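J.: Okay, here's the prediction I keep looking at, along with the sequence it came from:
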Amino acid sequence: MSIEAGAVVEGVVTGITKFGAFVELPGGKVGLVHISEVADVYVNDVKDFLKEGQKTKVKVLTVDERGKIGLSIKRLQPKQPEAAPRVGAPHRSAVGDFRRSPGRFNNSGSFSFEDKLSKFLKDSDERLTDLRRKTDSKRGGRGARRSS
């Protein structure tokens, strides 16, 4: 039986390592299910999901020229729908927490880009000022040179 990318086959787990699990496929070939392809959730230990000797269905992701076979279990599992954000609720962004400060909202209920940018610049200036004060105090004053 020829194993090609995209095929779904059943195999037996023959070995488990910290980076994945080896699965023997029909025809005696062995492929690797990388730890990132075991489940849709974070996998700390592959042994929590698979056991040696266990039969499992896998999807063939890759077959390279050297015969290495990349497999996946999670791509056979149905996708979990992501939770939709609440409409009209302000959200946290990478720029900061805007729930405390009043400002203009755009159509979707979040702050406008200008408000986010303004808040980011203000926070950034405050941090730089604090950093300068701490650095200057360690040097002995505002730019004053020490005499040797």
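T.: Perfect, I can see it now.

J.: Mind giving me the packing neighbours of the lowest-mean-pLDDT helix or strand in the chain?
T.: In the chain, no helix or strand scores lower on mean pLDDT, DSSP states H and E than helix 113-139, which sits at a mean of 84. Judged by 3 or more CB pairs under 8 Å, 6 or more residues apart in numbering; DSSP states H and E, helix 113-139 has no packing partners among the helices and strands. In this view, the C-beta of every residue, glycine as well, is placed from N, C-alpha and C.

J.: Report the central residue of the chain.
T.: Centroid-nearest residue in the chain: residue 42, 9.4 Å away (criterion: CA atoms, centre = their mean).

J.: That one should be in a strand, yeah?
T.: No. Per DSSP: H, G, I helix; E, B strand; the rest coil, residue 42 lies outside any strand segment and is coil.

J.: where exactly do the strands run in this protein?
T.: Ranges of strands in the chain, per DSSP state E, are 8-17, 20-24, 30-34, 55-63, 69-72.

J.: Reformat those strands as a markdown table; add distance to residue 132, mean pLDDT and mean neighbour count.
T.: Converted to a markdown table, these look like this (distance: least, CB to CB, whole Å; pLDDT from 0 to 100; neighbours: other CB atoms under 10 Å):
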| stretch | distance to residue 132 | mean pLDDT | mean neighbour count |
| --- | --- | --- | --- |
| strand 8-17 | 50 | 94 | 15 |
| strand 20-24 | 49 | 95 | 21 |
| strand 30-34 | 47 | 94 | 20 |
| strand 55-63 | 52 | 94 | 16 |
| strand 69-72 | 51 | 94 | 22 |
